[in-house]
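[1] Predicted coordinates and the sequence they were generated for:
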Amino acid sequence: MENAVGEVQNILVLGGRSEIGVAIARELLTPSTQRVTLACRRPDETRDVEASLSRDGLRVDSVIFDGADTSTHADFIDNVVATSGDLDVVILAFGLLGTQEECDDDPQAAVKIAHTNYTGAVSISLEVAKRFRQQGHGRLIILSSVAGERARKANFVYGSTKAGLDAFAQGLSDAMVGTGANVMIVRPGFVHSAMTAGMKAAPFSTTPDVVAQLTVRGLRAGKRIIWTPGILRWVFVLMRHLPVAIWRRMPEG
Amino acid sequence: MNTDFTTSRLTGWGRTSPSTASVAQVSRDNVAGLLKDPYRRGVLMRGLGRSYGDAAQNAGGVVLSLEGSAEETVLDAATGTLTAGAGASLHDLLKVIVPQGFFVPVTPGTRFVTVGGAIASDIHGKNHHVEGSFGNHVRQLTLMLADGTVHEIGPDQNPTLFWATVGGMGLTGVILEATFSLIPIETSLCTVNTIRCRNIDVLIDEMSHGDDDHRYSVAWADLLATGSRLGRSVLWRGDHTKLAELSSKEAADALKYEPKHLATVPPLIPSFGFVNKMSSTLFNELWFRKEPRRKNGGHKSIPAYFHPLDAIGSWNRVYGNGGFLQYQFALPFGREDELRQIVERIAVSKTASPLVVLKRFGDANPAPLSFPMPGWTLTVDIPTRAEGLGQLLHSLDEVVMQSGGRHYLAKDAHTTPTAIRRGYPRLDEWKQIQRSVDPGQLWQSDLARRLELI
């Protein structure tokens, strides 16, 4: 359960190797936190993450979860609840970035990204929402991206999956009003992480730790949507309305 | 009869940690029928929702309120006892019993609590140092267990289950009715002595020596003052006024009881509320200065002395959207240094609102989960948006745990299962009794889940 100052006992990270997801979980840790469950395709690869979270009185577990394998999602949530009890915070942080060239060469690569980032996220989010309705409380954090605000030719497959996910999350957030649970949408800009290693940083780039701090602050303040860094909200007011002729010429990186 | 359930978002009085449950008002005759349905998330009774934290919430489950029925109230003036339905509030009862020359055995700072809630939380009041908590005065109660069977229990009748129910936070069954002793009074006034104390040491000394001469004693403390004025306070001690103390004109209407309602705080308050460091500092300064250094024998009415905040409806709204929590703990005698240390940490953090109470407790009762213990209890209201509040409270919890102290379940909205296990060494004994009468774990609450009570 969550206490009066927003400290939570039980955290589930969907995408247990996501640096942002784990950073948010770490930012949420307090002496009230009892359990963090890291869910990812290869749980044996999260040992270093487990070690980095470990402290007295906290149990960190890794479990198998494949965002793309939607047929397993219902059982997955049942199993997590059976072992760890009520879900206080669920962080949806899995996703594939890919590159536009890959997608252009092999449309099946694009299908895989679209399936994981959108279909998989929709599937697991609805399973989480179903559980939240039963338990009468809970918070789902969905990692969207500014890339979904306006698709850029350099990564429009990824951007479009985030656009779809963002729209879905807004609807789900509204649908959860009155259930005791809620959904928060996080729209980070360019984040320096393993996922973006070697890429040229966009303006207003940030780090997983900063995203995590702003996310937890937003969560405790009851925000519905946050941008990280916050200035991107205003940058994109502008970007959204840039003439196509200029937008199309945005850097390729 | 069909019961109408509505899906409602519930919080405690502090308006924090909301959760949603199926809520219905029931009469005592249809409670049993409702328990037969299997509920995955369990059932909980809720009174008037004056617990500050999540004690009267049951996320995803069923929350029932027992209708208060005036016909069930029977005053036996010869023995000075009252039998009342668990849904009746002290507010309802006082209107009946004060004009007949009786007062409730224990009242907290509000009269808007139910009899059931008073027993389940084993509430205490200003007379704890001489008369103990509410459970000490209960002669008998009617408890419905999870299987729908009804049992009469009391200190001499199945005492194990009785004391597990006193302070049991509603997790042993539904309290349907209770018989408890009353305090005979000659007038509806209280004679109050006031002492202003320049710091916490003076206050502790004053309470340690003079409390036992009075039935009621409680102090307000300024938890924003620091240094030599740390814990400066005002101590009010009182007794029910005797008829002989009144003039013949006053004596003509000696048992008059008219609680006043001054105002209600509207729902539209700026989200940040009205309670902040500046407003609280100003309030504390005025509140301290308005009191005489020492005054003996002023008269106050029952509402003015016992329930001053009840005159303002929904006063919990002044803290704004974030709500507030009430941190209340007890420390045993001999731990005055730790008490001072906690007072200092809170004062330095500048987070406290003006609602602060210090009380010297008397003996504990046999209930395993009853809060009062011989020692000191401090109660502090704090807006939850205060920066770094979580960390501050965890650090205070450490001091409480290391001093052999404990937290009050009816107020708690923040602490951990560890602190509760440490603070209530008889928790396992209570769990065993609880499990024996509720093997299917029908009774559930957010508090019980958060603090692993069951």
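    Arrived safely, thanks for sending.

[2] Name the surrounding residues that touch stretch A:110-120.
    Residues outside stretch A:110-120 that contact it (CB atoms under 8 Å, 6 or more residues apart in numbering or on different chains) are A:66-70, A:94-98, A:102-103, A:157-158, A:160-162, A:164-165, A:168. For glycine as for every other residue, the C-beta is placed from the backbone atoms N, C-alpha and C.

[3] repeat that with 6 Å
    Residues from elsewhere that reach stretch A:110-120, judged by CB atoms under 6 Å, 6 or more residues apart in numbering or on different chains: A:67-68, A:70, A:95-96, A:98, A:103, A:157, A:161, A:164-165.

[4] now that we have these, which one has the most neighbours?
    Using other CB atoms under 10 Å in any protein chain shown as the neighbour criterion, A:Thr161 leads the contacts of stretch A:110-120 with 28 neighbours.

[5] still on that earlier bit, dump the contacts of stretch A:110-120 into CSV; add pLDDT and distance to B:Phe162 as well.
    Converted to CSV, those look like this (pLDDT from 0 to 100; distance: CB to CB, whole Å):
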residue, pLDDT, distance to B:Phe162
A:Gly67, 97, 54
A:Ala68, 97, 58
A:Thr70, 98, 54
A:Gly95, 95, 57
A:Leu96, 95, 62
A:Gly98, 90, 67
A:Cys103, 92, 71
A:Val157, 96, 68
A:Thr161, 97, 61
A:Gly164, 98, 60
A:Leu165, 98, 56
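
[6] Show me those residues that map onto helices.
    With DSSP state H as the criterion, helices contain A:103, A:157, A:161, A:164-165 from among the contacts of stretch A:110-120.

[7] ok, of the contacts of stretch A:110-120, which one's closest to B:Ser188?
    The closest of these to B:Ser188 turns out to be A:Leu165 (CB to CB; 65.2 Å).

[8] Now do the nearest residue to A:Asp66 once chain neighbours are set aside: how many residues are near it, please.
    Once flanking residues are discounted, A:Asp66 sits nearest to A:Arg41: 5.2 Å by CB to CB, 6 or more residues apart in numbering or on different chains. By other CB under 10 Å, 15 other residues sit near A:Arg41.

[9] got it, and B:Arg198?
    Residues near B:Arg198, counting by other CB under 10 Å, number 16.

[10] Ramachandran angles for the residue lying closest to it once chain neighbours are set aside?
    Of all residues not flanking B:Arg198 in the chain, B:Arg232 sits nearest, at 5.6 Å (CB to CB, 6+ apart). According to degrees, to the nearest 10, the main-chain angles of B:Arg232 amount to phi -60, psi 150.

[11] For B:Trp376, give me the pLDDT.
    Note for B:Trp376: predicted pLDDT of 98.

[12] Next, the contact list for B:Arg232, please.
    B:198-199, B:222, B:225.

[13] Within range of chain B, give me the residues from chain A.
    A:1-5, A:7, A:30-32, A:134-137, A:179-180 (CB under 6 Å from any CB of the partner chain).

[14] Which of the residues you listed fall within helices?
    Secondary structure from DSSP H places A:134-135 of the residues of chain A next to chain B in helices.

[15] Just the buried subset of the residues of chain A next to chain B, written out for PyMOL, thanks.
    To isolate the buried subset of the residues of chain A next to chain B in PyMOL, counting by 16 or more other CB atoms under 10 Å in any protein chain shown, use the following:
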select buried, chain A and resi 1+2+3+4+5+7+30+31+32+134+135+136+137+179+180
